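S.K.: need a 3D model of the sequence below.
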Amino acid sequence: MQIKATIVRPAVRVIRRSVAVWQRSLHLRVVSGTLVLSALVTLFVGWILLRQVTDGVLDAKVAASVSEASAGFRTTQAAIDAAEPSGDLGELTTRLAQDLALRGSFGGLYDIVLDVIPTGASQAVGRSTRTTVETDSVPPDLEQAVTDRGTGQITYRYTLIRRDGSSSPGLAVGSQLREPRSGALLNVYYLFDLQQQEETLNLLRRSLVAVGVLIVVLLGCVAWFVTRQVVTPVRMARRVAERLAAGLLDQRMRVRGQDDLARLATSFNQMATSLQRQIRRLEDLSRVQRRFVSDVSHELRTPITTVRMAADVLYEARTDFQPGVARAAELLQAELDRFEALLGDLLEISRFDAGAAGLELEDLDLRHLTQRVVDGAQPIAGRKGSRIDLQLPKTPALAEVDSRRIERVLRNLVINAIEYGEGRDVVVRVAGDEQAVAVSVRDHGIGLKPGESAMVFERFWRADPARARTTGGTGLGLAIAMEDVLLHGGWLQAWGEPGKGAHFRLTVPRRAVEQLNHSPIPLVPDDARQPALEGRRVPAPEVLGGAG
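M.R.: Here you go, the predicted structure:
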């Protein structure tokens, strides 16, 4: 098993790397496709050409051989008819064999096989004396065809001419002759050697293979060169686009010539210039907005502190006021609380925008942190008529986190679930494995519409009126939560369907330096997945802050 694994694993890695190179390289795919198609076309054309040449060469040889044999058959029949009647059929056969062998030996055109069939006598075979060709070189089906067709008819078959210790391709032409006085039948077979034609065809095959390989290689080189002319500007555009995406907005493509690729490069550069202007304009606007938020937030600190002091005095003395004035003091206190919360969120957002947010990491058991958040949310849940079901693992869920930020994230998720859970149960679950720890918050309220699971983490986003605020949110809570989670290198993801509630999942690595590739808790909750499997397909959830 170990030897098998040692062989299989490198092979799998090589295959995966090859597939990856194939998928990434347009140049390789075009050249490979050209080579394969050109090889198939060359093979098809070569096969047709070889068939035509082979048929032409063999047809010409057959025609010449049949013509030669026909003349020989006529000459032999004439010799038989003119022979003196001696009554000795063997002597006649021997004389005919010597005469035919003498003619065949001139130029090495053919070999002769005689088969004398006397009436009522056993079969006797005569052979040419020029060569040691074997009589079984005549195919049995040709012997049968000559016998069945009778005298005067000529037929032929391709065969294998066997000699002492060797063999060669050949053509057997046969006909039946008759001795008129005795009535004996004489089957005469001409064996024409096709070795020369076979060598010619073999030379043609080798030439076609060599030419085909050369054509494929040349077409591959042409495809490589032509594709390189097209792919090189595309690769350059890709590199420039990557640099633009990395923030190097001054990168441009090199323009050469006036062809379509040059015009493409010019258009690309114009687009990059336009994008650069727009991005810089947006960056300047964003910088002004962030500076404005930061300045306003800081500038409001001093007056809001003074107003808070005065409001606290009025609130403490509200029992001495008339009912209308006392109610105004209470409303002033409540609105100041909301205003301070909004101001605090704006200050936090400004710190994220300025890159001034940092982490104070410590090893923390998220079970205890989650328990503390749930205990603090119990009064709010009681007022809403909801029950919080906390599911904790038996083993510690340790992770390297900033307790203040993670507690703020969990509190935001739990409060939102209570607020939008419509008085139904809220399930809070903690789970962990060797690489990550996750906390999920599941409510059974009206849920999220398609697309809202991506929008809930945007700043100042508001849902439809059915999800209007009742506990005084600022619209920045989930945006701040996302920034807090991203600082930890974690994921904050949302799933929801109308009428089925929402499910928020926080996942952080055990160690801050590690990279996440999965979560211990599925994003689509089990109670939402099972009915979907029974009735319809579950839509793919929208994922924020990472994949999982």
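
S.K.: quick one: the strands in the stretch 351-500 of the chain, in order.
M.R.: Under the criterion DSSP state E, counting those that start in this stretch, the stretch 351-500 of the chain contains strands at 362-365, 388-391, 398-401, 426-432, 436-443, 491-497.

S.K.: kindly apply the preceding question to the chain instead.
M.R.: Per DSSP state E, the chain carries strands over the ranges 110-117, 124-127, 154-163, 166-178, 185-193, 362-365, 388-391, 398-401, 426-432, 436-443, 491-497, 501-509.

S.K.: give me every residue that touches residue 366.
M.R.: Residue 366 makes contact with 397, 398, 399, 401, 406, 430, 432, 437, 439, according to C-beta atoms under 8 Å, 6 or more residues apart in numbering. (C-beta placed from N, C-alpha, C; glycine too.)

S.K.: restrict those residues to the buried ones and give me that as a PyMOL selection.
M.R.: Here is the PyMOL command that selects the buried residues among these (16 or more other C-beta atoms under 10 Å):
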select buried, resi 397+399+401+406+430+432+437+439
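
S.K.: reformat the contacts of residue 366 as a markdown table; add pLDDT.
M.R.: Shown next, in a markdown table, are the contacts of residue 366 (pLDDT from 0 to 100):
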| residue | pLDDT |
| --- | --- |
| 397 | 90 |
| 398 | 90 |
| 399 | 89 |
| 401 | 88 |
| 406 | 90 |
| 430 | 92 |
| 432 | 89 |
| 437 | 92 |
| 439 | 93 |
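
S.K.: give me the domain ranges for the protein.
M.R.: 1-251, 258-357, 362-535 (automatic domain parsing).

S.K.: of the contacts of residue 366, which is the nearest to residue 193?
M.R.: The nearest member of the contacts of residue 366 to residue 193, counting by C-beta to C-beta, is residue 432 at 86.6 Å.

S.K.: does that closest one touch residue 370 like I think?
M.R.: No. Between residue 432 and residue 370 there is no contact under C-beta atoms under 8 Å: 11.6 Å.

S.K.: how close does the spatially closest residue to residue 231 that is not a sequence neighbour get to residue 230?
M.R.: Among residues not flanking residue 231 along the chain, residue 27 sits closest, at 4.7 Å (C-beta to C-beta, 6 or more residues apart in numbering). Relative to residue 230, residue 27 is positioned 9 Å away (C-beta to C-beta, to the nearest Å).

S.K.: which one's more surrounded, the two?
M.R.: residue 27 (17 against 14; other C-beta atoms under 10 Å).

S.K.: what residues are up against that one?
M.R.: 224, 227, 228, 231.

S.K.: contact partners for the first one?
M.R.: Read it as residue 224. Residue 224 neighbours (C-beta under 8 Å, 6+ apart): 27, 31.

S.K.: so which of the contacts of residue 366 comes closest to residue 338?
M.R.: Scanning the contacts of residue 366 for proximity to residue 338, where the rule is C-beta to C-beta, the winner is residue 406, at 24.4 Å.

S.K.: burial of residue 520, as a residue count?
M.R.: Residue 520, neighbours per other C-beta under 10 Å, totals 21.

S.K.: what residue, apart from its backbone neighbours, is nearest it spatially?
M.R.: Residue 520 sits nearest to residue 431 (C-beta to C-beta, 6+ apart), 4.2 Å away.

S.K.: in stretch 271-291, what counts as buried?
M.R.: residue 272.

S.K.: only alpha carbons, please: show it as CSV.
M.R.: Taking C-alpha atoms only, stretch 271-291 is exported to CSV below (Å, rounded to 0.1, in the frame of the first residue of the first chain):
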residue,chain,number,x,y,z
MET,A,271,-10.0,53.2,-20.1
ALA,A,272,-7.2,53.0,-17.6
THR,A,273,-6.8,56.8,-17.7
SER,A,274,-10.5,57.3,-17.2
LEU,A,275,-10.6,54.8,-14.3
GLN,A,276,-7.6,56.5,-12.8
ARG,A,277,-9.3,59.8,-12.8
GLN,A,278,-12.6,58.4,-11.4
ILE,A,279,-10.8,56.4,-8.7
ARG,A,280,-8.7,59.4,-7.6
ARG,A,281,-11.9,61.5,-7.6
LEU,A,282,-13.6,58.9,-5.5
GLU,A,283,-10.6,58.5,-3.2
ASP,A,284,-10.5,62.3,-2.7
LEU,A,285,-14.3,62.3,-2.0
SER,A,286,-14.0,59.3,0.3
ARG,A,287,-11.0,61.0,2.1
VAL,A,288,-13.1,64.2,2.5
GLN,A,289,-16.0,62.2,3.8
ARG,A,290,-13.9,60.2,6.3
ARG,A,291,-12.2,63.4,7.4
